[in-house]
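Q: following is a predicted model, sequence given first.
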Amino acid sequence: MSASAGHADSVPGDAESPGDVAGALDLLLADAALGVLRRFRPDNSALRLAGALALRPRMLAQTTAGLGAELTKIAVGRSRLAPGGKDRRFADPAWKQNPVLRRAVQAYLAASGAAEAALAGAGLDWRDNERLRFVLSNLVAAAAPSNNPLLSPAAWKAFIDTGGLSAVRGLRALAKDMATPPRVPAMVDPAAFEVGKDLAATTGSVVLRTEMFELIQYQPVTEMVYRYPLLIVPPMINKYYITDLAPGRSMAEFLVGRGQQLFTISWRNPDARHRDWDLDAYGTAIVQAGAAARAITGAPKASICALCSGGIVSSMVAAHLSHAGQLDEVASLCLGVTVLDQARAGTASAMISDGTAAAAMAASRARGYLDGRSLAEVFAWLRPDDLIWNYWVNNYLQGNSPPPFDILYWNADTTRLPAALHRDFIRLALANALTHPGAATMLGSPVDLSKVDLDSYVIAGIADHLCPWQSCYRSTQLLGGTPKFVLSTSGHIASMVNPPTNPKASFRTAADNPADPDAWLAAATTARGSWWPDYAGWLAERSGGQKKRPARTGRKEFPVLAAAPGTYVHDH
């Protein structure tokens, strides 16, 4: 599933953070099925922390003594502790000028720093450290003085300026948000955008509809188009229009403008009736969509560009096609923020255990699906400063409406995940099956990613905490063919929503793909601008040359069924 590049500066708080979490990773968040609050209960990781600290009395004593000394300096006004220049929580001058507020911030910084130092010094293994760091980061974020209505200068100013109306609006917003899932502060007004008008507005047609998906063909706008079409496979856990956001920020619009014959899958939002849709069912859908794109364009091949969980399934489909002797139907493969090797794949994977996984699968099986609103709640708690407390201050303490932001609107437009697919994703992750040839199957074929002998374009975001770039990089070691790895700026979704108009954009590339991602990074060079034009050029070389654009979308066997964005995108 990151603020967006381009217009990220319009978002309060960390300019890159809100969009960074907007995407939804997929398989590893069993907490979405069981409830995120369970993560804050003491468990064996907490017991191991206590034991580790008991075995390190000197480190603990030094940390405690250091905290005591710093608190003394704070009390007498001699502390030099100050928030970082980019910490917008304390940007109001009152936090520095008022002695009480200044001391509150300094005490907070001292205490949180000591807690983090104690955890870092405990010497826990990676999994325990990640689990406890999640809890600690949330406690530290919640304890910030900026969240306290009695201390917050922003809250007092709003209260005075509105004659108390801000408090009334804030309490009303709090009651509304807590009444229904995901029970976190609203990040965007649900009336801020209209799908099909403000978002998902690139001209196109639905040319195929199945029970599981609609296939959208975009209307060509250039006189000449590339022969081999491109099929976009979005994540299964989000609406497709993350690749077709507002005009000027739409990847679909950009690629059509570069002469691509572009198709995208719009997944149906499943409910309990679709509980049995599994990896094979979604793999079948991708095969069907690719066949339709080739038939409509009269091309022998089609390229695939797949994001996040869509990339996982698309890679498995490519392995199936290779096993079946049909890989020549695919011209190239692009994987965006996709993790195929789940070893140490971020905070989410550290939180999964066999017992947790079994309970999560049972919960989604009983309901028939995993609710997308539960996923949204988990993602929010992964970045509490930016996605919880930032909006706590804005919505509740100041009584403001959240600003309109297209990625956050898309993020709030949640979808469900069928129970069978939820189960299959978790099993893939627990076994790290895609790294072991034959350990997973797709449509009856053993999955061996080394047999995917295609040119591939693998993109990651350097600030992605859901799909760490190092984990994405490891795909270059699994896939056959010649992979090109591209490291973009920003996080999970901002690295994908990366229009050329973004003045802050840059990306890194390197000539070779050594086994060690840090060795790749050391050798990489940085290019200014978005990776979109780079991908468009790379794709053009693998798209079979050009021909005159078709006069219309669809064809006799695939008549136009509706105008884009279709009907499935409106399912709730």
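A: All right, it came through fine.
Q: give the buried residues for the lengthiest helix in the chain.
A: Counting residues, the longest helix found in the chain (DSSP state H) is helix 99-121. With burial defined by 16 or more other C-beta atoms under 10 Å, the residues of helix 99-121 counted as buried are 101-110, 112-115, 117-119, 121. Just so you know, the C-beta spots here come from the backbone N, C-alpha and C atoms, and that holds for glycine as well.
Q: what of stretch 477-485?
A: In stretch 477-485, counting by 16+ other C-beta under 10 Å, buried: 477-480, 483-485.
Q: which intervals of the stretch 251-400 of the chain have sub-threshold pLDDT?
A: In the predicted model of the stretch 251-400 of the chain, residues 344-356 satisfy pLDDT under 70.
Q: next one: the chain
A: Checking the chain against pLDDT under 70 turns up 1-42, 344-356.
Q: now the farthest one out in it, which residue is it?
A: Val76 (45.0 Å; C-alpha atoms, centre = their mean).
Q: quick check: Lys73 touching Leu67?
A: No. Between Lys73 and Leu67 there is no contact under C-beta atoms under 8 Å: 10.9 Å.
Q: so between these two, which is more surrounded?
A: Using other C-beta atoms under 10 Å as the criterion, Lys73 and Leu67 rank with Leu67 on top: 18 against 15.
Q: pretty sure the more buried one sits against Ala111.
A: Yes. Contact between Leu67 and Ala111 holds when scored by C-beta under 8 Å: they sit 6.7 Å apart.
Q: that older thread, now the buried residues of stretch 477-485 as TSV including secondary structure?
A: TSV is the format used below for the buried residues of stretch 477-485 (DSSP: H, G, I helix; E, B strand; the rest coil):
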residue	secondary structure
Gln477	helix
Leu478	helix
Leu479	coil
Gly480	coil
Pro483	strand
Lys484	strand
Phe485	strand
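Q: residues near Gly128, how many?
A: Slight slip there: residue 128 is Asp, not Gly. Asp128: 21 neighbours (other C-beta under 10 Å).
Q: how many neighbours does Met178 have?
A: Count around Met178 with other C-beta under 10 Å applied: 11.
Q: for it, what is the enclosing helix or strand?
A: Using DSSP states H and E, Met178 sits in helix 165-179.
Q: how far is that helix from where the chain is centred?
A: Computed by C-alpha atoms, centre = their mean, to the nearest Å, the chain-centroid distance of helix 165-179 equals 28 Å.
Q: mind listing what's buried in it?
A: For helix 165-179, by 16+ other C-beta under 10 Å, it's 166-167, 169-170, 173, 177.
Q: for that helix, which helices and strands make contact with it?
A: helix 153-161 (3 or more C-beta pairs under 8 Å, 6 or more residues apart in numbering; DSSP states H and E).
Q: what's the angle from the helix it packs on to helix 99-121?
A: 150 degrees (axes from the mean of the first three to the mean of the last three C-alpha atoms, to 10 degrees).
Q: next, the buried residues of helix 153-161.
A: 153-156, 158-159.
Q: what sits against Thr284?
A: By C-beta atoms under 8 Å, 6 or more residues apart in numbering, the contact list for Thr284 reads Leu443.
Q: and for Val569?
A: Applying C-beta under 8 Å, 6+ apart, the residues near Val569 are 195-196, 200, 214, 239-241, 266.
Q: is Ala50 in a helix, a strand, or coil?
A: Assignment for Ala50 (three-state DSSP): helix.
Q: and it, how many neighbours?
A: There are 12 residues near Ala50, going by other C-beta under 10 Å.
Q: next one: the one 3 residues further on
A: Applying the criterion other C-beta under 10 Å, we find 18 residues in the vicinity of Leu53.
Q: I am finished for the moment; much appreciated.
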